[in-house]
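Asks: Turn this into a structure:
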Amino acid sequence: VGAGIENSFLNDWGLEGVDQEYFKQLVQGILKYTAELDRVLEKCLDRDLASVDPIERTVLRIGTYELQFRPEIPVRVVLNEAIELARVFGAEEGYRFVNGVLDRCQKLCRGSELPVA
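Replies: Below you'll find the predicted structure:
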C-alpha cells in the first residue's frame, strides 16, 4: 500500500524537489503507527477523530508522527509545516484547527522541549 501512495504522490504531484527518502519514511511510518498516532490525537481533540475532515486528519497524523518519532525536527518546524499543508490543502480555516491540536500534541509528545513562542 505504502509504495503505491509514495509513487502516486511523487509522480502525479510533481514532487521532484522533495526529499524522496524522507517522504517514503514518512508514509511508511504513518501507515505503521496509525493506531498509535490516532490514540495521541484523540487525547488532543475535543471531538472524535473520525469526524475530522480527512485532509486535516492526514495533516494531523503527519505532524503527530514527526512530533512522536522525529525528535530531531524542532516543534516550531513541525507546526509551521503542518499549518502550511493545512492552508494549501485543507478547509479555509482548517489551519487554525491543526495548529491548536498539534500544539496540544507537542506537549504530550515532547513535554520536556521548550514551548513554541
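Asks: Now Ala91: phi and psi?
Replies: According to degrees, to the nearest 10, the main-chain angles of Ala91 amount to phi -70, psi 170.
Asks: Pro71 against Arg110, yeah?
Replies: Yes - with contact defined as CB atoms under 8 Å, Pro71 counts as touching Arg110 (7.1 Å). (C-beta placed from N, C-alpha, C; glycine too.)
Asks: With neighbour numbers in mind, choose between these two.
Replies: Arg110 (16 against 12; other CB atoms under 10 Å).
Asks: For Val27, see how far away the more buried one is.
Replies: 22 Å (CB to CB, to the nearest Å).
Asks: Now stretch 53-69 - C-alpha only, PDB.
Replies: Presented in PDB, the C-alpha positions along stretch 53-69 are these (Å, rounded to 0.1, in the frame of the first residue of the first chain):
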ATOM      1  CA  ASP A  53     -12.000  16.400   7.800                       C
ATOM      2  CA  PRO A  54      -9.900  13.700   6.000                       C
ATOM      3  CA  ILE A  55      -7.300  16.300   4.800                       C
ATOM      4  CA  GLU A  56      -6.900  17.800   8.200                       C
ATOM      5  CA  ARG A  57      -6.800  14.300   9.800                       C
ATOM      6  CA  THR A  58      -3.900  13.400   7.500                       C
ATOM      7  CA  VAL A  59      -2.100  16.600   8.300                       C
ATOM      8  CA  LEU A  60      -2.500  15.900  12.000                       C
ATOM      9  CA  ARG A  61      -1.100  12.400  11.600                       C
ATOM     10  CA  ILE A  62       1.900  13.800   9.700                       C
ATOM     11  CA  GLY A  63       2.600  16.300  12.400                       C
ATOM     12  CA  THR A  64       2.000  13.900  15.200                       C
ATOM     13  CA  TYR A  65       4.300  11.300  13.600                       C
ATOM     14  CA  GLU A  66       7.000  13.900  13.400                       C
ATOM     15  CA  LEU A  67       6.500  15.000  17.000                       C
ATOM     16  CA  GLN A  68       6.500  11.500  18.200                       C
ATOM     17  CA  PHE A  69       9.100   9.800  16.100                       C
END
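Asks: Right, I'll leave it there.
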